[in-house]
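[1] What would the 3D arrangement of this be:
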Amino acid sequence: MTADHVAAIDQGTTSSRCIVFDRAGEIVSVAQREHRQIFPRPGWVEHDAEEIWTNVEVVVREALAAAGIDTGGLAAVGITNQRETTVVWDRASGRPVANAIVWQDTRTDPLLRELGATYGEEKVKARTGLPLATYFAGPKLRWLLDSTDGLRERAEAGEVLFGTMDSWLIWKLTGRHVTDVTNASRTMLMNLATLDWDPELLEAVGVPAAMLPEIRCSAEVYGTATGVLAGVPVASALGDQQAALFGQTCFQPGEAKCTYGTGSFLLLNTGASPVPSRHGLLTTVAYQIKDNPPAYALEGAIAVTGSLVQWLRDNLGIISSAPEVEELARTVDDNGGCYVVPAFSGLFAPHWRSDARGVIAGLTGYITRGHLARAALEASAWQTREVVDAMNADSDVALRRLRVDGGMTANDLLMQFLADVLDVPVVRSRITETTCLGAAYAAGLAVGFWPDLATLRDKWRSDAQWESAMDPAHRERELRNWRKAVQRTLDWVD
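    Residues are numbered from 1 along each chain as shown. Model prediction:
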């Protein structure tokens, strides 16, 4: 069989998917399966890594069957993943020693306060581009080492291994213990200048080097898969948001995208040099292709957007499926003075306040289910506005257009409101699954399936565009109300 396809595995926060693409970059087949969200305590979020691996095997088989091909039809497979989620597994048995700690989890807050006092947040930011926040993987790993009997000793002996979800999947597929620069840059353990683990940070955080994966480029062959993908080169790994930037072909400095999924993440390509943020953004690696220098990005990470809609469905029961939120929101003309700030795990960019918790502000007897639904959608747009304001303050060039992707972009009401509050055009990619597309593009580049970045850029097409239609005075009034609601989330956790 001719290898005329590339597959991408997207191991996300709520589900795992496999998508098969053809040479034109078009989707041939999709398979998806959700996994459990485990909440042992308030603020704790965990996943079962074994359950996730089983699901990945299932979706790979289903996607290949739906495409009518076997592994001989694949030139390569790429991996994209929820970032910062932390897995530790036994080197000999390959079994996790505990549940994975998810990026949304806040249990490491005391460790971070201790690290700030003993080492200093500015020193961490200077080396990693990251603030001291519960978001990142390194402190999660330290928590596991401190809280699991005998684990630190086993880690120092090299008997257990650490990885984010990309490393876990590459290990299960190839037996190689590697990660890529984009995922490594989210651990709080990698030096942005050297693109290697930083010995001083490893000592400060308390992580043994023996358990860490080798850091590699985002697009290169890591190994040949066995099992469900036997014989296929595993040829890329990108954290999900960097993969979406790549899939949106934002290869030039100044180009930006925002992905709307469980959370939302706005990335701006800043080129060959990291740009320190003065306004609450992250400095991160965007991608690195084979032996080329890396590209860097500024990122605004929003913890809760799509998961707020899931909360309306699963916890409040005011909708029975996520798409219903738009229909319900359209039953009213505005939010009725109600604002939802979903600080379920604190506030991420640009605030970085782990003490914050969610609020619904402006409640009156007038408020209906429709107003709540509309306020929940509007929360995604206002959080994006805060990140864009920070990005404009950090960057030399103000954002003129925003490329968007992800499941929430199917919501036309949200996209129009986003254009309204940003006051810039919002452009949706024709292929909204740009996270998988980016992983596929990178894997295809690594094995010569596609020749260069220019070829990939020529494939990009828009699907729809929204322009601002909101009165500027109304926009500013609503922004002031949003900011007041945000202030009411602060100082909740002592």
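[2] ok, which stretches of the stretch 301-450 of the chain are strands?
    339-341, 359-361, 402-405, 426-429 (DSSP state E, counting those that start in this stretch).
[3] so which of the ones you listed gets nearest Gly223?
    Closest approach to Gly223 among the strands of the stretch 301-450 of the chain is made by strand 402-405 (29.2 Å; CB to CB). Every C-beta, even on glycine, is put in place using the N, C-alpha and C of the backbone.
[4] who does that closest one pair up with?
    Note on strand 402-405: by DSSP bridges, its sheet partners are strand 256-260 (parallel), strand 426-429 (parallel).
[5] before we move on, the earlier item: reformat the strands of the stretch 301-450 of the chain as TSV; add distance to Arg353, mean pLDDT and mean neighbour count.
    Listed next are those as TSV, based on distance: least, CB to CB, whole Å; pLDDT from 0 to 100; neighbours: other CB atoms under 10 Å:
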stretch	distance to Arg353	mean pLDDT	mean neighbour count
strand 339-341	11	96	25
strand 359-361	13	96	18
strand 402-405	25	91	25
strand 426-429	27	92	22
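[6] what would the ones you listed look like in JSON lines with distance to Ser462?
    Formatted as JSON lines, these follow (distance: least, CB to CB, whole Å):
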{"stretch": "strand 339-341", "distance to Ser462": "30"}
{"stretch": "strand 359-361", "distance to Ser462": "35"}
{"stretch": "strand 402-405", "distance to Ser462": "8"}
{"stretch": "strand 426-429", "distance to Ser462": "5"}
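[7] closest one to Ala230 among those strands?
    Closest to Ala230 of the strands of the stretch 301-450 of the chain, according to CB to CB: strand 402-405, at 31.5 Å.
[8] picking that back up, for the strands paired with strand 402-405, which one sits closest to Ser29?
    Short answer: strand 426-429, nearest of the strands paired with strand 402-405 by CB to CB, at 19.1 Å.
[9] got the CA coordinates for the closest one in CSV?
    This file holds the C-alpha atoms of strand 426-429, laid out as CSV (Å, rounded to 0.1, in the frame of the first residue of the first chain):
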residue,chain,number,x,y,z
VAL,A,426,-11.9,37.1,13.7
VAL,A,427,-11.1,34.5,11.0
ARG,A,428,-12.0,30.8,11.3
SER,A,429,-9.8,28.2,9.6
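[10] Give me the contacts around that strand.
    247-248, 401-405, 409, 415, 418-419, 460-466 (CB atoms under 8 Å, 6 or more residues apart in numbering).
[11] same check, this time on stretch 448-458
    Contacts to stretch 448-458, defined as CB under 8 Å, 6+ apart, come from residues 3, 6, 23, 25, 75-76, 249, 251, 289, 441, 443-445.
[12] do that again at 10 Å, thanks
    Contacts to stretch 448-458, defined as CB atoms under 10 Å, 6 or more residues apart in numbering, come from residues 3-6, 21, 23, 25, 74-76, 235, 246-252, 289, 292, 437-438, 440-445, 459.
[13] which of the residues in it are buried?
    Across stretch 448-458, burial judged by 16 or more other CB atoms under 10 Å covers Phe449, Trp450, Leu453, Leu456.
[14] Out of these, which is nearest to Leu308?
    Distance to Leu308 across these (CB to CB) is lowest for Leu456, with 32.8 Å.
[15] Could you check how far the closest one is from Phe246?
    8 Å (CB to CB, to the nearest Å).
[16] show me the contacts for Thr226.
    Lys172, Leu173, Thr174, Gly175, Val232.
[17] Of those residues, grab the buried ones for ChimeraX.
    Per 16+ other CB under 10 Å, the buried members of the contacts of Thr226 correspond to this ChimeraX selection:
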select :172,173,174,232
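[18] Tell me the one of the contacts of Thr226 nearest Arg488?
    Using CB to CB, these come closest to Arg488 at Lys172, 44.5 Å.
[19] so that closest one touches Leu161, yeah?
    No. Using CB atoms under 10 Å, Lys172 is not in contact with Leu161; the gap is 11.7 Å.
[20] Pull up the overlap in contacts between these two.
    Trp89, Gly94.
[21] for this protein, longest helix please?
    helix 369-394 (DSSP state H).
[22] Between strand 256-260 and that helix, find me the angle.
    Computed with axes from the mean of the first three to the mean of the last three CA atoms, to 10 degrees, the direction of helix 369-394 lies at 150 degrees from that of strand 256-260.
[23] residues touching the spatially most distant residue from the centre of the chain, list them.
    Distance from the C-alpha centroid of the chain, by CA atoms, centre = their mean, peaks at Gly365 (37.5 Å). Taking CB under 10 Å, 6+ apart as the definition of contact, Gly365 has no neighbours.
[24] you'd agree Gly370 is up against Asn335?
    Yes. Between Gly370 and Asn335 there is a contact at 9.4 Å, judged by CB under 10 Å.
[25] Check the contact lists of these two and give me the overlap.
    Residues touching both Gly370 and Asn335 by CB under 10 Å, 6+ apart: Ala329.
[26] neighbour count winner among these two?
    Asn335 (23 against 18; other CB atoms under 10 Å).
[27] Trp103 versus that one, what's the distance?
    Look at Asn335 and Trp103: by CB to CB, they are 29 Å apart.
[28] in this structure, which segments are predicted with low confidence?
    Along the chain, segments meeting pLDDT under 70 span 1, 397.
[29] Put together JSON lines for the strands paired with strand 402-405, with distance to Val60 on each row.
    Supplementary listing: the strands paired with strand 402-405 in JSON lines, determined by distance: least, CB to CB, whole Å:
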{"stretch": "strand 256-260", "distance to Val60": "23"}
{"stretch": "strand 426-429", "distance to Val60": "24"}
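[30] of all these, which lies closest to Val493?
    Comparison of those against Val493 by CB to CB identifies strand 256-260 as nearest, at 27.0 Å.
[31] so His35 makes contact with Arg17?
    No. At 11.4 Å, His35 and Arg17 do not qualify as touching, with contact defined as CB under 10 Å.
[32] And the strands in the stretch 1-150 of the chain?
    Under the criterion DSSP E, counting those that start in this stretch, the stretch 1-150 of the chain carries strands at the ranges 5-11, 15-22, 27-34, 46-47, 74-81, 87-90, 100-101.
[33] Looking at the ones you listed, spot the one closest to Arg127.
    Of all the strands of the stretch 1-150 of the chain, strand 100-101 sits nearest to Arg127, with 22.5 Å by CB to CB.
[34] The closest one - contacts with which helices or strands?
    strand 46-47, helix 49-67, strand 87-90, helix 137-147 (3 or more CB pairs under 10 Å, 6 or more residues apart in numbering; DSSP states H and E).
[35] about what we covered before: settle it for me: which of His35 and Arg17 has more neighbours?
    Each of His35 and Arg17 has its neighbours counted (other CB under 10 Å); Arg17 has more, 23 against 20.
[36] pretty sure the more buried one contacts Cys436?
    Yes. Between Arg17 and Cys436 there is a contact under CB under 10 Å: 6.7 Å.
[37] what's the overlap in contacts for these two?
    With CB under 10 Å, 6+ apart as the test, Arg17 and Cys436 both reach Ala8, Ile9, Asp10, Val30, Thr80.
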